[in-house]
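Participant: Give the three-dimensional model of this entry:
(3 chains)
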Amino acid sequence: MTPVLDIRDLGVSFGGLKAVDQVSFQAQRHRITTVIGPNGAGKSTLFNLISGALRPHRGQVLIDGVDMTGAAPERTKAAGLSRSFQITSLFSELTVAENLRLAAQVLEPVGRTLLPISRSTRALAKTGQMLDRFQLAHKRDDLVGNLSHGDQRRLEIAVCLASEPKILLLDEPTQGMSHGDTAATAELVRGLTDDVTVLLIEHDIGLVMSLSDHVVVMHQGRKLAEGSPDVVRADPAVQAAYFGHA
Amino acid sequence: MTPVDYLQFVLAPQVVNGLALGIAVVLVALGLTIIFGMLDVINMSHGEFYAIGAYAALALGAAGVGFWFLLILVPVLMVPLGMVAERLLIRPVFDTKDRHVTTLLVTFGLGLIVEDVLKIIFGANTQRPPTPIPGATEILGIILPNYRIFLILVGVAIVLGVAYVVYKTRLGAMVRAAAFDRNMAASLGVPVSLVYAGTFAFGVSLAGLAGVLLAPIYSVFPTMGRDFILLAFTVVIVGGMGSIWGAVVAGLLLTQVQALASLIISPVWTDPIVFGTMVAFLVFRPQGLFGRLGHA
Amino acid sequence: MHDRLTQSMRASHLLALLFVLASLALAAMGTATDDTFYLRLGTEALIFAGLALSVDLLLGYSGVLSLGQALYFGIGAYVSALTLMKVPSFWLAMAAAFTASLLAAIIGGLIANRVRGVYFALITFGLAQVLAKVVYNTRELGSSDGMIGIPVIEIAFGPFSVSTGSPVGFFLIVLVVIMALYALTAYLLDTPFGRVLTALKSNERRVPFLGYSAWRARMAAYVLAGVVAGLSGALYPMLRGFVSPELMFFATSGNAVISVVLGGVGTLAGAIYGSVLLVILKSIIGSWTEHHLIVIGLIFMLCVLFLPKGLAGVLRPPVEAWLSRHRRIPGPVPDAPVLPAIAVDTKAAPQ
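Facilitator: This next block holds a predicted model:
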């Protein structure tokens, strides 16, 4: 079976610095793959390369076996890839429901683009569904800019999911969250794999070990190791580079 | 007319006049580019500050203040004006999301008001202060008005002075630090809000100085800023917004293009050529000839 | 189920309806008193309202400031004038102005949409300035004097016909055209396409990651705005009988921006109100002093600083509140859709 996301020898450099270098791995369908590594290891740059925010200098990105290397974000999105951002990126002047519907709108046939918004029934239904699933229904008409940080982080995931992607890239979804919220988010992410394949960047090692099916360790732009959480944890190179001082 | 005559009596004076205009434009553009580079603010009322400087020189000159003293006095008087404008108009909207658009609109409104105020105080007629340095000098067979020669020399001195302050002094470093990263600068003890107000006032003061210097050549009338500012904006864009050297190079180049185009093609086509250049730069090289100052 | 944006749009519709009623009252009064001056002034205000509408479409929805929207207004006016001098047909003139402004906006959009933010403002400014100067220097287009002698025409639809020379008749025609442009724009903004524009204004960088091409949306908005401006401009020579390069100058573009800010950015109806307000301000202040710029500049500046939602920011919330009382929205939304409209701009949004 083709892996849903296949990264081959991916690389990009800024000036002389190789931000991402010769990174290859695969994400298996309906599994959680987590990318870990110290700050500056190139994790977010990797996400930018995969999602089309940056064009790689070398290597390939295959989504469901289709080459999407260097495609614009709207094209990787169309190919089934949704991503969140490390720093929440939503539409703060719009309401919760409007944010979700904007994302869900891609589910509608093109013919409805110029029809009144109330005719976009699929998007509307999806919006309602996401509001319920993420317990945001009571805040549906709140402006996103007025939401708490935790709610915004949750909405960010909901917005990514509203377009029914095949692959979900989550960049530190628990960033800045309280303990309670972190646990709830972990639970949430675990529940996503029925529908999507998850690629995750996460700093909380405990969370990574309990949540991930597969772990990719990055260090200074390169892939240091990969495998199941246990295998990675036992890897001496990883221990030296990453857990050595943990 | 022989080629030598053409060179001596037509081309050379045109080039020198273009040079004087170029220096004039550079002086106006300098303040504009500094305000943009440091504060990220498009000052649409810059041309009106230039007009204020010219009118101040006219009024004070008529009251008996000597030209040389005006060169110091008017820019100094412009500083509090700039400070107040910054405090009342720029500061309140400086931290909004649409800073560019909002500050542009506010200063646009200010420009309308200033223009009309000048009209009320001084009337709509064109006035012209006496030339401070009369006479002309013949250089290599080309007859040049003394005041234009003076303008070119003073202009060069001002540009060098400003560049020295911005790039070489501790004050300049502080301002550039504040422009680069406000929080970082604040934590290093730079009085950021004073620096911002001061920078705006400095830019405005330069516009005023340009007004004093150019009044004897280009006459004084309430809408004088409006006509000049278009050219100054073009210079700032072509030079690279926020770049001092960019403004200098672009200012001199564009005015030469203008001078020669009006000679060779026709005076009526100079504006489309100059603005066309601006559009072309915005399309193909929006960062201009040189990069930006301050910002990364 | 109505969301907040649909709700605000309904409030705008109600304001637009009030506007139409007021216009009809003016028309009736004008007919009764055999007035020409106020009807002509009102017609001109309406024509410039169309230009303001196009500025608001860009500034209020896709979030870019055009300082040269008069470019398309002027193209519409000149093309309409040229057509009318050859063939005295309203529909042909409108069709020609539509085609010309469409083509021009596509070209202008390809140029202007390469940059954004303040550069967009300056490039639109520069584009308009270039073309205005070219027109100014083209003898075939009347140079600086413009073109005079555009004939009075009969506008025929079916068995009826209205003369552009009839103050009330042409006033009503212009009212219909401008309100049709309003309706078209408002309709498009309440579609998924329109919502993408709103998203562009709020957070452009996120839009591509939702699957929409930001460039295409920006381009579509720009072309639409160009056509709205062009069609409005096409009406100008029918009213005045002449066109001049001033129609493309910065003052014209600037007035449209002032109208939008006075009326309320991002409300469409506000642009129309603002345009009329500006004309009223000018003629009232103009009746006792020639220095109307001070007052207008001052009001404009105060508006930008303290009333970022303009006149519509004052008028619309009560209308919205009234609407939501009369049309229950599910869920607890008493005043949530009302207040934020003002709160958003005054609050520094972290980017």
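
Participant: which helices and strands does the one helix or strand in chain A whose mean pLDDT sits lowest pack with?
Facilitator: Taking mean pLDDT, DSSP states H and E as the measure, the helix or strand of chain A with the lowest value is helix A:236-238, at a mean of 84. Contact analysis of helix A:236-238 by 3 or more CB pairs under 8 Å, 6 or more residues apart in numbering or on different chains; DSSP states H and E lists strand A:222-227 as its packing neighbours. To be clear about C-beta, it is placed using only N, CA and C from the backbone, and glycine gets the same treatment.

Participant: Show residues contacting the strand it packs on.
Facilitator: For strand A:222-227, contacts defined as CB atoms under 8 Å, 6 or more residues apart in numbering or on different chains pick out A:21-25, A:37, A:42, A:214-218, A:232, A:235, A:237-238, A:241-242.

Participant: Looking at the residues you listed, which are in strands?
Facilitator: A:21-25, A:214-218 (DSSP state E).

Participant: what residue lies at the spatial centre of chain A?
Facilitator: The geometric centre of chain A, computed from its C-alpha atoms, lies nearest to residue A:169 (CA atoms, centre = their mean), at 1.6 Å.

Participant: what's the burial count for residue 22?
Facilitator: Reading this off chain A. By other CB atoms under 10 Å in any protein chain shown, 14 other residues sit near residue A:22.

Participant: should've been chain C
Facilitator: Taking other CB under 10 Å as the definition, residue C:22 ends up with a neighbour count of 13.

Participant: Which helix or which strand is home to it?
Facilitator: helix C:4-33 (DSSP states H and E).

Participant: Any part of that helix near chain A?
Facilitator: Yes: remark: helix C:4-33 sits within contact range of chain A at C:4-6, by CB under 8 Å from any CB of the partner chain.

Participant: What is the nearest of those to residue A:77?
Facilitator: Residue A:77 lies nearest to residue C:5 out of the residues of helix C:4-33 next to chain A, by CB to CB, at 22.6 Å.

Participant: Quick check: the closest one touching residue C:195?
Facilitator: Yes: taking contacts as CB atoms under 8 Å, residue C:5 lies within contact range of residue C:195: 7.2 Å.

Participant: So between those two, which is more surrounded?
Facilitator: Legend: neighbour count by other CB under 10 Å for residue C:5 and residue C:195, higher for residue C:195 (27 against 18).

Participant: if we can go back for a sec, which among the residues of helix C:4-33 next to chain A gets closest to residue B:267?
Facilitator: The shortest gap between residue B:267 and any of the residues of helix C:4-33 next to chain A belongs to residue C:5, at 51.6 Å (CB to CB).

Participant: For that closest one, give me its contacts.
Facilitator: For residue C:5, the set of contacting residues under the criterion of CB under 8 Å, 6+ apart consists of A:94, A:98, C:190, C:195, C:198.

Participant: For the second one, which non-adjacent residue is closest in space?
Facilitator: It refers to residue A:98. Using CB to CB, 6 or more residues apart in numbering or on different chains and skipping residues adjacent in sequence, the residue nearest residue A:98 is residue C:3, 5.8 Å away.

Participant: pLDDT wise, what is the one you found at?
Facilitator: Each residue has a pLDDT score; the one for residue C:3 is 72.

Participant: residues in contact with it?
Facilitator: Contacts were defined as CB under 8 Å, 6+ apart; by that measure residue C:3 touches A:95, A:97-98, A:101, A:117, A:141.

Participant: Just those: which are in helices?
Facilitator: Under the assignment DSSP state H, the contacts of residue C:3 contribute A:97-98, A:101 to helices.
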